[in-house]
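Student: Here is my input; please provide its structure:
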Amino acid sequence: MHTLRPGQDGYTEEVAGFQTSVATRPAVVVAAETAEDVVAAVEYAAEHGLTVSVQATGHGLTAGTDGLLISTRRMTGVEIDPDAKTARVGAGVRWGAVIEAAAKHGLAPLSGSSPDVGVVGYTLSGGFGLMARRFGRAADHVRAIDVVTPDGELRTVTPGSELFWALLGGRAGFGIVTALEFGLVPVAELYGGGLYFDAADLPAVLRAWRTWAMTAPDELTTSIAVVPLPDLPFLPEPIRGKHVANVRIAYLGEDGDSAVAPLRAAAPVLLDTLKRLPYTDSGSIASDPPHPHPYHGTNATVEVLNDGMLTSIVEHAGPGAPVATVLIIDRLGGELARRPAAGVGWDSAAEFVVRALSVVEDGVDPIRRAHAKLFDALAPWSTGRLLPFLYGEHPAGDLATAFPAGDVARLKQLKAKYDPAGRFG
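Tutor: The predicted structure follows:
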């Protein structure tokens, strides 16, 4: 078990995460390579009265950690069983590694928009991805979880276990996951990419996308992102330095061009990247930024997108908005609405989730105020929030808005049962 403390070589690099606006300075870091290292770390924390947090790829938050931080980024084993169509991965594995390994067998995981995101954090927070309307959440396909509980025991939990239920969607506080086993789907390629429009045409594009998305087949997962792009040479010239509306599409059907025809007619298209592509290139659909940066954001699930809501979205996230904001609207429904959640509850009534994210430059207060104006306008139609998209906020304080009341009560009971001393964050 390799440990690091403040001031030692390698400490700063070990605690650095993707979210740079939230400082983390634990008293001790354990660089774990095996499940046994995690057990030893939990036992050490208990002996010394330290709180425990975990960080794999750093996309999740460890804000406020002043105790022991377990870094699992070295636990990168990936095993594919092509006959069973399953993957078993270590706690530090990112989706990109699973995508590449599964593709050799004509299979794919239910990964999200970015291949750089960690598998465990994404899955435990209830993340949904590029094929969610056809196959549901990644959490819905988990077969087994290896977890070290606060008592220092390494357990394997499976569907039907109360701890399995709490971990899937409840995200944190019940133990340190060391490995996941989950199902894969027989997908080798899809029709995907994006249509980019000038944000000046945002009202027309939003209305066209809303109407089109509501009638889309389950094989089609889509979102629209309103993004102020920088004037940098790595961006294609047609969209460089422009405020754009980017319709993102991942479609498992064969008639991609005809399926998106109504969108191409919505407004002049600045850039069209739609084509058939191997699933190994699926990260190009959203082209999420790969470099760590400071950001803050929130979200709301909604049952409808009416014209008044679209007007508020244009006002608060379009050109001329008071705070530069990346706004993303995801179409939900399909299998997300039909499949019973394997873990903590999923808002099956929601048709869309609206997400807002801003880069932190002068503190988070101006961002919070700007985002509040938008989400206050959406509040009459909101059904709650989704845990994966609470950027810059610690999830522990958001259970009441992320889960049904019955699930919140059960989570608190299980937290008291498995972590009575409250040491796990």
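Student: contacts, neighbours, all on C-alpha from now
Tutor: Will do.
Student: Show the subsequent helix or strand relative to the lowest-mean-pLDDT helix or strand in the chain.
Tutor: The helix or strand of the chain with the poorest confidence is helix 399-402; it has a mean of 71 (mean pLDDT, DSSP states H and E). Later in the chain than helix 399-402, the nearest helix or strand by DSSP states H and E is helix 405-418.
Student: what's in contact with that following helix?
Tutor: 149-151, 163, 166, 170, 173-174, 344-345, 399-400, 422 (C-alpha atoms under 8 Å, 6 or more residues apart in numbering).
Student: Okay, buried residues for that helix please.
Tutor: Residues of helix 405-418 classed as buried: 407, 408, 411, 414, 415, 418 (neighbour count, 16 or more other C-alpha atoms under 10 Å).
Student: picking up where we left off before, going by distance to residue 118, which of the contacts of helix 405-418 wins?
Tutor: residue 170 (16.3 Å; C-alpha to C-alpha).
Student: Please tell me I have it right and the closest one contacts residue 344.
Tutor: Yes. The criterion here is C-alpha atoms under 8 Å, and residue 170 meets it with residue 344 at 6.0 Å.
Student: Which strands and helices lie in contact with the host helix or strand of residue 270?
Tutor: In this assignment (DSSP H and E), residue 270 forms part of strand 269-272. Contact here means 3 or more C-alpha pairs under 8 Å, 6 or more residues apart in numbering; DSSP states H and E; on that basis strand 269-272 packs against strand 189-198.
Student: Could you list the residues in contact with the strand it packs on?
Tutor: Contacts of strand 189-198 (C-alpha under 8 Å, 6+ apart): 205, 239, 242-254, 256, 264, 267-279, 282, 284-286.
Student: how far away is residue 373 from residue 206?
Tutor: Residue 373 sits 19 Å away from residue 206, going by C-alpha to C-alpha, to the nearest Å.
Student: Residue 165 sits in which helix or strand?
Tutor: Assigned by DSSP H and E, residue 165 falls in helix 162-170.
Student: Follow the chain on from that helix and name the next helix or strand.
Tutor: Following helix 162-170 toward the C-terminus (DSSP H and E): strand 176-183.
Student: roughly how far is that next one from the heart of the chain?
Tutor: 17 Å (C-alpha atoms, centre = their mean, to the nearest Å).
Student: contacting residues for residue 95?
Tutor: 111, 114, 115, 116, 117, 118, 119.
Student: how does it look with 6 Å?
Tutor: When contacts are counted by C-alpha atoms under 6 Å, 6 or more residues apart in numbering, residue 95 is found next to 115, 119.
Student: tell me the pLDDT at it?
Tutor: Residue 95 is assigned 97 on the pLDDT scale.
Student: Next one: it from residue 106, what distance?
Tutor: From residue 95 to residue 106 the distance is 16 Å (C-alpha to C-alpha).
Student: any chance you could map the helices in the stretch 151-300 of the chain?
Tutor: 162-170, 202-214, 256-259, 261-264 (DSSP state H, counting those that start in this stretch).
Student: Rounded mean pLDDT for the first one, please.
Tutor: Here helix 162-170 scores 88 as its mean pLDDT.
Student: The longest one now?
Tutor: Helix 202-214 shows a mean pLDDT of 96.
Student: For it, what is the distance to the chain centroid?
Tutor: 24 Å.
Student: Equivalent analysis for the last one, please.
Tutor: Between the centre of helix 261-264 and the centre of its host chain there is 28 Å, according to C-alpha atoms, centre = their mean.
Student: Among residue 373 and residue 206, which residue is more densely surrounded?
Tutor: residue 206 (25 against 13; other C-alpha atoms under 10 Å).
Student: ok, and the closest non-adjacent residue to that one?
Tutor: Leaving aside its chain neighbours, residue 206 sits nearest to residue 310 (7.1 Å; criterion: C-alpha to C-alpha, 6 or more residues apart in numbering).
Student: List the buried residues of the helix or strand hosting that neighbour.
Tutor: For residue 310, the element it lies in under DSSP H and E is helix 307-317. Judged by neighbour count using 16+ other C-alpha under 10 Å, the buried positions of helix 307-317 are 309, 310, 312, 313, 314, 316, 317.
Student: what does stretch 180-191 give?
Tutor: By neighbour count with 16+ other C-alpha under 10 Å, stretch 180-191 contains the buried residues 180, 181, 182, 183, 184, 185, 187, 188, 189, 190, 191.
Student: would you list those residues in CSV and tack on pLDDT and distance to residue 7?
Tutor: Shown next, in CSV, are the buried residues of stretch 180-191 (pLDDT from 0 to 100; distance: C-alpha to C-alpha, whole Å):
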residue, pLDDT, distance to residue 7
180, 97, 34
181, 98, 37
182, 98, 39
183, 98, 42
184, 98, 43
185, 98, 46
187, 98, 47
188, 98, 47
189, 97, 47
190, 98, 48
191, 98, 49
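Student: So, low pLDDT: which residues of this protein?
Tutor: 21, 58-65, 171-172, 391-400 (pLDDT under 70).
Student: ok, now which residue in it is the farthest from the centroid?
Tutor: residue 47 (34.1 Å; C-alpha atoms, centre = their mean).
Student: Name the SS class of it, please.
Tutor: Using DSSP: H, G, I helix; E, B strand; the rest coil, the structure places residue 47 in helix.
Student: quick one: it from residue 416, how far?
Tutor: 20 Å.
Student: Just give the number of residues close to the closest residue to residue 127 other than its chain neighbours.
Tutor: What sits nearest to residue 127 in space, not counting adjacent residues and going by C-alpha to C-alpha, 6+ apart, is residue 388, at 5.8 Å. Neighbours of residue 388 under the rule other C-alpha under 10 Å: 21.
Student: So what does residue 388 have for phi and psi?
Tutor: Main-chain torsions, residue 388, degrees, to the nearest 10: phi -60, psi -20.
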